[in-house]
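K.L.:
Structure of the sequence below:
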Amino acid sequence: MAELSELPESLQEELEILRAIYGEETVRLLKDRRIQEDGEEPVCCLEVDLEPMSEEGFQLVWVTLLVTVPKGYPLTATPKIEVGRPEP
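P.N.:
From the prediction side, this is the model:
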């Protein structure tokens, strides 16, 4: 897992906010960064597990978001978000 201290301060704060909302275990900073379509290495990649609150007896689908934060974020670039199903 990549180190939080290696990220720009503003991105560290955003990651801490995500973890406060969704939980420490569900927001993971990934060690391996995906190379972007333009060949650039992103600032960071993270996964966020989203599991809906459910009533007893209901099996709801939950997903994992893969967020790739490019160089230039937030001023000149936006994150790329992919939706996937978590592995069992």
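
K.L.:
Quick check: residue 18 is in a helix.
P.N.:
Yes. Counting by DSSP: H, G, I helix; E, B strand; the rest coil, residue 18 is part of a helix.

K.L.:
Count residues in the vicinity of it, would you?
P.N.:
Burial of residue 18 is recorded as 15 neighbouring residues (other CB atoms under 10 Å). (Each C-beta comes from the backbone N, C-alpha and C, glycine too.)

K.L.:
For the one helix or strand residue 81 maps to, the averaged confidence score.
P.N.:
Residue 81 is part of strand 80-84 when elements are defined by DSSP states H and E. Strand 80-84 shows a mean pLDDT of 91.

K.L.:
just checking, what packs against it?
P.N.:
strand 63-69 (3 or more CB pairs under 8 Å, 6 or more residues apart in numbering; DSSP states H and E).

K.L.:
What are the buried residues along the strand it packs on?
P.N.:
64, 65, 66, 67, 68, 69 (16 or more other CB atoms under 10 Å).

K.L.:
Next: stretch 9-24.
P.N.:
So for stretch 9-24, counting by 16+ other CB under 10 Å, buried means 11, 14, 15, 19.

K.L.:
Could you do stretch 41-56 as well?
P.N.:
42, 43, 44, 45, 46, 47, 48.

K.L.:
can you give me the mean pLDDT across that stretch?
P.N.:
83.

K.L.:
okay, the buried residues of stretch 9-24 in CSV with pLDDT next?
P.N.:
Output for the buried residues of stretch 9-24, formatted as CSV (pLDDT from 0 to 100):
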residue, pLDDT
11, 91
14, 94
15, 93
19, 94
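
K.L.:
So which of those is the closest to residue 77?
P.N.:
residue 11 (12.3 Å; CB to CB).

K.L.:
Quick one: residues contacting the residue lying closest to residue 8 once chain neighbours are set aside.
P.N.:
For residue 8, ignoring the flanking residues on the chain, the nearest one in space by CB to CB, 6 or more residues apart in numbering is residue 43 at 7.2 Å. The contact partners of residue 43, taken as CB atoms under 8 Å, 6 or more residues apart in numbering, are 7, 8, 11, 69, 70, 71, 73.
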